[in-house]
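*Asks:* Mind looking at a prediction? Sequence and model below.
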Amino acid sequence: RSFAAEYICAPGRNRYVHYNKRFGCRYLSLYIETFDFTLYYAGLRPYQYPFKERGKFICSDNLHNKIYETCLHTLKLSAHEHYEDCPWREQALYSMDSRNQILCGYYAFGEYDMPRESIRLLSLGLRDDGLLELCAPAKVNVTIPSFSLIWILELYEYVMYSGDLAFGEEMWPCAEKIIRTFWRNAKGRDLQGPMSDDGCWNFYEWSYGLSDGFPKNLRDKNDYRNYDGPLSVFYIIALDSMIKLSKLLYSYSKSSGAENSGMHEIDFAEKISWCEMLLNGAKAALHDAFWDSSVGAYCTYVVNGEKLHFSELMNSLVLYAGLVPESHVKRIADILSHNSQCSPSLIPVTLSHTIFKYEALLNAGDMYADYVINDIADKWGYMLYNGATSFWETIDGAWAFDTAGSLCHGWSAIPVLFYYKYLLGVSPRTIGFRDYNFKPLKLKTPLKASGKIPRFDRASLDIEINENGFKLT
């Protein structure tokens, strides 16, 4: 993590600009090896992707306004020729990180070029084993299997927001190869066990028991009762995305616009049936496999038949994916919102993956809206009150990972999504955002809010919400 450069001066006054390296930093330290010198100027030139703030959001709570402003700054700092996890360490493109950034960018920037090319760049890292490289563009000796599944979700979401079916068709072979890899990994079962090949990092998020999977040496290789909950749910989410995407592409393949695209060579009706078969099996098996009635929650891992580790992430994912039986929805939502008198102790979700927790709760009912908005104020407000000018990788800030924590991480800008999609209440109903759902949050303590939401067709929605109702133009 050394961001150092050396410059050897010629005699007399020197002027030099180093264009060939990006420095993600707040300060410059200069070490000058001479007895006598005059420094006229030393500085950095900002280098950012030319985002345009086509979206607008403002509300009656200044803390949320400051969170929104800082989120936009974080997003801008974390994108150059592609999205980056951070401008400091790797400056690399990851599917999990970029999915959060992309969703925020649809609303705040009306941006579709960067998402398309970032998704394409990730696809070019498809390995022989059917998994994507850890990041792109790169060759790395490890990869995160769950991130390959998240790539399928961000591909479907791109098509849904942009209406770019031709790109969805172009990416289909990559998505199908990924699904086939996980189908084989299931070894005839419906759910996913950990990827055991060398170089597979079973990472889910930066929290206890989830950053490196369950220890392999404690699992009996011959016992087929070994499942990873998060990987199984991401597999289900990816299959659901594949079905939705293939249905869109099936309709597109029958239209005149696809005559010369080669889509007639793909039997999407067959692909739909295949993915539905895999999805139905996985959905039917998941609840019984991971639900622990003695705890009243879903476990993270099944190890040699034993249900172990209980996390907010796993319970958020199951609720997010619509896999919780109706009779259990309130129980899980109450646990996640800390509204239960007999809650089990769950490993907390980290900043990046609160996107699943918050969406799961908001889809469970309006009674959880205040918790989500207040939790955003608490967590992101904590960073602001502790000097953040961009949002951190985890809530531990620079102290995380043996003082290697990033103080600017694109995946932590997710409040933007919730301000637009839920507080203002707009999400796409049809591909290309041609039609939309409008359902603003119902808060016990209402917030006045207004905003502009750009769409792919360059039209926009103007929204104003106050205690008397709303105005939508």
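*Replies:* In hand now; what should we look at?

*Asks:* now what about the helix or strand where Lys307 lies, what contacts it?
*Replies:* Using DSSP states H and E, Lys307 maps to strand 306-308. With Cβ atoms under 8 Å, 6 or more residues apart in numbering as the test, strand 306-308 has contacts from Phe214, Phe290, Asp292, Cys299, Thr300, Tyr301, Val302. In this view, the C-beta of every residue, glycine as well, is placed from N, C-alpha and C.

*Asks:* quick one, what contacts Ile431?
*Replies:* With Cβ under 8 Å, 6+ apart, Ile431 has these contacts: Val159, Met160, Ser162, Gly163, Leu165, Leu248.

*Asks:* List the contacts of the nearest residue to the fourth one once chain neighbours are set aside.
*Replies:* Sequence neighbours aside, Gly432 is the residue nearest to Gly163 in space, at 2.4 Å (criterion: Cβ to Cβ, 6 or more residues apart in numbering). Contacts were defined as Cβ under 8 Å, 6+ apart; by that measure Gly432 touches Tyr161, Ser162, Gly163, Asp164, Arg455, Phe456, Asp457.

*Asks:* Turn those residues into JSON lines, columns for pLDDT and distance to Leu336.
*Replies:* Output for the contacts of Gly432, formatted as JSON lines (pLDDT from 0 to 100; distance: Cβ to Cβ, whole Å):
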{"residue": "Tyr161", "pLDDT": "95", "distance to Leu336": "27"}
{"residue": "Ser162", "pLDDT": "94", "distance to Leu336": "31"}
{"residue": "Gly163", "pLDDT": "93", "distance to Leu336": "33"}
{"residue": "Asp164", "pLDDT": "94", "distance to Leu336": "34"}
{"residue": "Arg455", "pLDDT": "82", "distance to Leu336": "32"}
{"residue": "Phe456", "pLDDT": "73", "distance to Leu336": "33"}
{"residue": "Asp457", "pLDDT": "71", "distance to Leu336": "36"}
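
*Asks:* The residues you listed: which two are farthest apart?
*Replies:* Asp164 and Arg455 (13.2 Å; Cβ to Cβ).

*Asks:* Alpha carbons of the helix or strand that comes right after the strand holding Lys307, as CSV, please.
*Replies:* Following strand 306-308 in sequence order, the next helix or strand is helix 312-320 (DSSP H and E). Provided in CSV are the C-alpha atoms of helix 312-320 (Å, rounded to 0.1, in the frame of the first residue of the first chain):
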residue,chain,number,x,y,z
GLU,A,312,-28.0,-10.5,10.2
LEU,A,313,-26.7,-11.0,6.7
MET,A,314,-28.2,-14.5,6.3
ASN,A,315,-31.6,-13.5,7.7
SER,A,316,-31.6,-10.3,5.6
LEU,A,317,-30.8,-12.2,2.4
VAL,A,318,-33.6,-14.8,3.0
LEU,A,319,-36.1,-12.0,3.7
TYR,A,320,-34.8,-9.9,0.7
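
*Asks:* The helix or strand that comes right after helix 312-320 vs helix 312-320, what angle?
*Replies:* For helix 312-320, the following helix or strand on the C-terminal side (DSSP H and E) is helix 326-336. Angle, helix 326-336 to helix 312-320, by axes from the mean of the first three to the mean of the last three Cα atoms, to 10 degrees: 140 degrees.

*Asks:* Quick check: mean pLDDT of the lengthiest helix in the chain?
*Replies:* When the chain is parsed with DSSP state H, its longest helix is helix 229-253. For helix 229-253, mean pLDDT is 94.

*Asks:* What is the distance between it and the centre of its chain?
*Replies:* Centroid separation between helix 229-253 and its chain, computed with Cα atoms, centre = their mean, to the nearest Å, is 16 Å.

*Asks:* Stretch 185-198 now?
*Replies:* 23 Å.

*Asks:* Identify the neighbouring strands of the least confident helix or strand in the chain by mean pLDDT in the sheet and state each direction.
*Replies:* Ranked by mean pLDDT, DSSP states H and E, the weakest helix or strand in the chain is strand 469-472, scoring a mean of 86. Strand 469-472 has these partner strands in its sheet, going by DSSP bridges: strand 460-466 (antiparallel).

*Asks:* Could I get the average pLDDT for the partner strand?
*Replies:* Strand 460-466 shows a mean pLDDT of 89.

*Asks:* So which residues of the stretch 51-200 of the chain form helices?
*Replies:* 62-77, 95-108, 113-123, 145-162, 165-185 (DSSP state H, counting those that start in this stretch).

*Asks:* Please identify the most buried of those helices.
*Replies:* Highest mean neighbour count of those: helix 95-108, a mean of 27 (counted as mean count of other Cβ atoms under 10 Å).
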